[in-house]
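Requesting a structural model of the entry that follows:
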Amino acid sequence: LQIRLCRVLTMVKTVLKQQFVDIPKGVTATVNARRVTITYKKQTLARDFGHVDADIALVAGGRRIRVDIWFGNRRQAATVATVCSEINNMITGVTKGYRYKMRLVYAHFPININISPEGNVLEIRNFLGEKITRRVEMLGDVKITRSTNVKDELVLEGQDVTHVSQSAASIWQSTRVKGKDIRKFLDGIYVSEKGLVREKSE
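Next comes the predicted model:
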């Protein structure tokens with residue numbers, strides 16, 4: 001009886017799961033076939049939600065985005081909040097921007113880094129004394145710079161939080177210690193701070 005009850009509960013579907021995203025003043029949003037575009041001044045971000053079985057539409061004169069899922073199960077209904085969170089991140093990205101800070105950690109062999117003039121490629125040398133050069137390319141419009149105030153600190157900035165965070169993860173992953181005890185060999189490049197480029201919209 002308990003197994004049958006669990007099966008019935010998992011089959012229950014929600015008639016309508018609906019959520020709204022408010023568009024701030026000065027920000028323009030367009031929706032075309034589940035492709036959402038957010039524009040603020042000269043900065044634009046677009047994301048395609050075609051893989052989500054949801055209705056996305058502009059309402060309230062273009063000042064709100066409505067996300068609907070009809071007759072979805074619990075997992076499908078949960079994607080409504082995910083889509084709204086993605087759109088909110090896009091709005092934050094174009095209005096304020098995302099900034100990640102990373103610190104170079106080494107005990108004996110100093111890590112040497114070189115950043116391309118365009119700020120989209122990072123080269124890592126002398127990691128644990130190795131002769132190979134690790135090359136990490138930034139995603140999208142992400143720019144990487146060396147901090148002017150703090151020694152051995154890198155700063156990544158961009159509009160898309162997915163690109164900024166994945167670029168930081170790629171840097172960290174390129175300097176993972178392999179074949180040694182990671183409790184003792186702590187060398188690497190680690191994320192030290194996550195924040196926004198501008199705390200307030202310009």
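
what stretches of this structure score poorly on pLDDT?
By pLDDT under 70, the low-scoring segments of the chain are 1-12, 200-202.

In it, what residue spans correspond to strands?
Counting by DSSP state E, the chain has strands at residues 14-22, 27-32, 35-40, 43-48, 55-59, 64-72, 98-105, 112-115, 121-125, 134-137, 143-146, 153-158, 188-196.

list the contacts for the residue nearest to the spatial centre of the chain?
Nearest residue to the geometric centre of the chain (Cα atoms, centre = their mean): residue 162, 2.2 Å. For residue 162, the residues meeting the contact criterion (Cβ atoms under 8 Å, 6 or more residues apart in numbering) are 89, 139. Backbone N, C-alpha and C define where each C-beta goes, glycine included.

ditto for residue 39
Counted by Cβ under 8 Å, 6+ apart, residue 39 has contacts 27, 28, 29, 30, 94.

Include distance to residue 69 when you put these into CSV, please.
Shown next, in CSV, are the contacts of residue 39 (distance: Cβ to Cβ, whole Å):
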residue, distance to residue 69
27, 25
28, 25
29, 20
30, 21
94, 26
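
export these to a markdown table and tack on distance to residue 133 and neighbour count?
Shown next, in a markdown table, are the contacts of residue 39 (distance: Cβ to Cβ, whole Å; neighbours: other Cβ atoms under 10 Å):
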| residue | distance to residue 133 | neighbour count |
| --- | --- | --- |
| 27 | 42 | 18 |
| 28 | 43 | 13 |
| 29 | 43 | 20 |
| 30 | 43 | 14 |
| 94 | 35 | 20 |
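
Residue 161 contacts residue 88, correct?
No. Contact criterion Cβ atoms under 8 Å: residue 161 and residue 88 do not qualify, at 10.2 Å.

circling back: check the spacing between the residue nearest to the centre of the chain and residue 138 real quick.
12 Å (Cβ to Cβ, to the nearest Å).

most tightly surrounded among the strands of the chain?
strand 153-158 (a mean of 20; mean count of other Cβ atoms under 10 Å).

Strand 98-105 and that strand, what's the angle between them?
When axes from the mean of the first three to the mean of the last three Cα atoms, to 10 degrees is applied, the directions of strand 153-158 and strand 98-105 differ by 160 degrees.
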